[in-house]
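**Student:** Need a 3D model of the following:
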Amino acid sequence: MKRPYTPGQALAWLDPHPDGIRLHRATVIHIEPTRWPDRWWITTDRGDATVDNTGHSGHVIPIDTDIAKELWERGDGYLIHPSFADHHRTVERDVHDLGLGTDQGDDIGLD
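**Tutor:** Alright, predicted model coming up:
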């Protein structure tokens, strides 16, 4: 199977941030296969990750022209804020997961 990256190749590294996600440029230092046939272990100048055969993981995505443009214009480590629509869906999901959107009645069980 073809490796998704080669040493020296640039990729996008995503770091979680309380206000969104920070986008960084990272460079692959080393890549090797894992015990899974469609996974690769990569070492970058920002950290290590296991990526799939398309070069994606929770912290890593390939750099395309849009990402390269954003990194060029905004600089390494710029903060990506969630859109209002994304925030709204997150709040709806949290309300649903916590059971806050269901009718619990007036009885709070203090009898």
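
**Student:** The longest strand along the chain: which residues count as buried?
**Tutor:** The single longest strand within the chain, with elements called by DSSP state E, is strand 20-33. Neighbour counts over strand 20-33 (16 or more other Cβ atoms under 10 Å) mark Leu23, His24, Arg25, Ala26, Val28, Ile31 as buried. Glycine gets a C-beta too; all of them are placed from N, C-alpha and C.

**Student:** With stretch 51-71 instead?
**Tutor:** For stretch 51-71, a neighbour-count test (16+ other Cβ under 10 Å) marks Val51, Gly55, Ser57, His59, Val60, Ile61, Ile63, Ile67, Leu71 as buried.

**Student:** mind listing the helices in the chain by residue range?
**Tutor:** 65-74, 84-98 (DSSP state H).

**Student:** Select from the ones you listed the stretch with the lowest mean pLDDT.
**Tutor:** Mean pLDDT is lowest for helix 84-98 out of the helices of the chain, coming in at a mean of 50.
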